[in-house]
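Colleague: structure for the following, please:
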Amino acid sequence: MSVYKVIEIIGTSETSWEEAAKTAVERASNSLEDLRIAEVIAQDLRIENGKVVEYRTKVSLSFKFREE
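Modeller: Have a look, this model is predicted:
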């Protein structure tokens, strides 16, 4: 039997929502082990002077929970 923890993180990109999601997962993998599932739960844009300057993707991320 296994237990998994779920967190929400937000990745950003200047080019796309997909790249923002990829950034979030790859960055999380630097400090979390045994990542399992990433689910996109929201997407939004940052706008400056009427132009899109940043894509933001909120991701629900699960990983194996290890008790110490």
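Colleague: grab the nearest non-local neighbour of residue 37.
Modeller: residue 62 (4.8 Å; CB to CB, 6 or more residues apart in numbering). The way it works is simple: take the backbone N, C-alpha and C, and place the C-beta from them, glycine included.
Colleague: hey, what's that neighbour bridged with?
Modeller: Residue 62 forms beta bridges with residue 6, residue 37, as assigned by DSSP bridges.
Colleague: so how far is residue 41 from it?
Modeller: Using CB to CB, to the nearest Å, one gets 12 Å for the distance from residue 62 to residue 41.
Colleague: please identify the helix or strand for residue 33.
Modeller: Following DSSP states H and E, there is no helix or strand that holds residue 33.
Colleague: report pLDDT for the closest residue in space to it that isn't next to it in sequence.
Modeller: Among residues not flanking residue 33 along the chain, residue 63 sits closest, at 6.7 Å (CB to CB, 6+ apart). We have a pLDDT of 92 for residue 63.
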